[in-house]
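Engineer: Turn this into a model:
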Amino acid sequence: MSTGAVDWTAGQAGPASAEGLRERKKRLMRKQLSDTATAMFLERGFDAVRVAEVAEACGVSEKTVFNYFPVKEALVMDRLEATLAALRTGLADAALSPVQAALLILDRELAGLTGWLAGQEDAGQAHQAIRRFGDLIRATPALRAYQADMLERSAAVATEVLAARAGMTLNDPEPQIAARALLGLWRVQADSLRKYLEQAPTSARLHELVTADVRRAAQLIDTGLRAFAASASLPSR
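Structural biologist: Residues are numbered from 1 along each chain as shown. Here you go, the predicted model:
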């Protein structure tokens with residue numbers, strides 16, 4: 001999500017000098033649409049708000065909204081698309097192990113959230129915004145279904161990339177389970193955020209605590225993934 005209430009992607013954009021005027025205008029429009037839609041969804045409920053109303057509030061056509069977001073659900077969960085793209089690129093980087101690539105993506109996403117928290121004057125209000133966003137997803141079947149669908153898409157992408165790295169096929173069990181193990185780290189990070197959100201005295205401490213949990217989980221699966229990489233060099237059965 002990138003919203004005015006909670007900006008999960010803060011600090012993840014490229015250097016300003018590398019961003020042209022056209023790209024900047026598109027990024028700002030995308031953010032405005034997501035911000036506006038999320039605020040409306042939080043106030044009235046996801047199902048009670050039509051895409052046409054979001055378009056009107058932003059002064060654009062409904063077609064323009066769908067040019068940026070293929071489905072209504074993506075308006076409020078657009079960060080999942082960014083995660084999918086990052087997985088495709090990161091896991092393909094031969095200089096990194098799959099676990100290292102996943103940890104880099106997770107840390108960037110966490111830094112976006114904790115960086116946003118650090119800039120808020122009212123920590124209690126900021127924490128409430130994060131909780132309300134989570135409640136919105138859990139209370140909305142369409143959003144939960146979209147989240148599950150994006151998880152399946154992410155698993156398919158990760159399986160494809162890992163299979164190619166190991167010289168295996170998509171039907172081999174090793175890249176399938178490796179992909180799902182890596183994606184499990186996102187669930188660990190989300191659960192850890194909920195656990196420490198109220199306990200951590202600062203956003204820096206929150207980042208530290210959540211990162212520690214994610215790395216503990218990553219360490220548990222790293223041995224298996226290294227064995228998977230080694231098995232790729234063995235003769236075919």
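Engineer: Number of residues surrounding M168?
Structural biologist: 20 (other CB atoms under 10 Å). C-beta coordinates here come from the backbone N, C-alpha and C atoms, glycine included.
Engineer: Name the nearest residue to it, ignoring sequence neighbours.
Structural biologist: Spatial nearest neighbour of M168, chain neighbours left out: P175 (5.5 Å); criterion: CB to CB, 6 or more residues apart in numbering.
Engineer: ditto for Q32
Structural biologist: Using CB to CB, 6+ apart, the nearest residue to Q32 is C58, at 5.6 Å.
Engineer: Show me which parts of the longest helix seen in the chain are buried, residue by residue.
Structural biologist: Ranked by number of residues, the top helix in the chain under DSSP state H is helix 203-231. Within helix 203-231, the residues that qualify as buried by neighbour count (16 or more other CB atoms under 10 Å) are 203, 206-207, 209-211, 213-215, 217-218, 221-222, 225, 228-229.
Engineer: relative orientation of the helix or strand harbouring E152 and helix 203-231 in degrees?
Structural biologist: In this assignment (DSSP states H and E), E152 forms part of helix 141-166. On the basis of axes from the mean of the first three to the mean of the last three CA atoms, to 10 degrees, helix 141-166 is oriented at 50 degrees to helix 203-231.
Engineer: Give me the buried positions along helix 141-166.
Structural biologist: Going by 16+ other CB under 10 Å, helix 141-166 has these buried residues: 143, 146, 150-151, 154-155, 157-163, 165-166.
Engineer: mean confidence for the very next helix or strand once past it?
Structural biologist: Using DSSP H and E, the helix or strand that follows helix 141-166 towards the C-terminus is helix 173-196. The average pLDDT within helix 173-196 is 95.
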